[in-house]
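Trainee: task: produce atomic coordinates for the following.
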Amino acid sequence: MKITVDVDCSPEEARAFLGLPDVKPLQDRMMTEIAERMTANVRAMDAQEMMKFWMPGGLNGLEQLQSMFAQMTGLKPK
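Mentor: Coordinates of the predicted model:
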């Protein structure tokens with residue numbers, strides 16, 4: 001014997017039925033704070049600072065990356 005039960009309810013209704021807390025206000029506050037921090041950090045960095053952060057080796061790091069990909073694919077680096 002097989003019994004199937006379909007429950008049509010919203011996530012809020014399911015949380016209330018199961019006795020789980022409503023975390024939406026906390027999620028909203030955290031997302032706002034994360035967005036503010038990210039915006040502040042991006043504004044604090046200029047383009048040169050960002051490039052130093054993303055490519056610590058500078059152009060040497062980029063050349064090493066190209067060389068590594070060339071070795072992996074079997075091509076000769078230019």
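Trainee: and after the helix or strand of the chain at the bottom of the mean pLDDT ranking, which helix or strand comes next?
Mentor: One helix or strand of the chain scores below all others by mean pLDDT, DSSP states H and E: helix 47-54, with a mean of 74. Sequence-wise, the next helix or strand downstream of helix 47-54 (DSSP states H and E) is helix 58-73.
Trainee: alpha carbons only: can I get that next one in CSV?
Mentor: Extracted in CSV, the C-alpha atoms of helix 58-73 (Å, rounded to 0.1, in the frame of the first residue of the first chain):
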residue,chain,number,x,y,z
GLY,A,58,52.3,41.1,-11.1
LEU,A,59,53.2,40.4,-14.7
ASN,A,60,55.6,37.7,-13.6
GLY,A,61,52.6,35.8,-12.1
LEU,A,62,50.7,36.2,-15.4
GLU,A,63,53.6,34.9,-17.4
GLN,A,64,53.9,31.9,-15.0
LEU,A,65,50.2,31.2,-15.4
GLN,A,66,50.5,31.3,-19.2
SER,A,67,53.5,29.0,-19.0
MET,A,68,51.7,26.5,-16.8
PHE,A,69,48.7,26.4,-19.2
ALA,A,70,51.1,25.9,-22.1
GLN,A,71,52.7,23.0,-20.3
MET,A,72,49.4,21.5,-19.5
THR,A,73,48.1,21.7,-23.1
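Trainee: that one: how far from the chain's middle?
Mentor: Relative to its parent chain, helix 58-73 has a centroid offset of 25 Å by CA atoms, centre = their mean, to the nearest Å.
Trainee: I appreciate the help and will end here.
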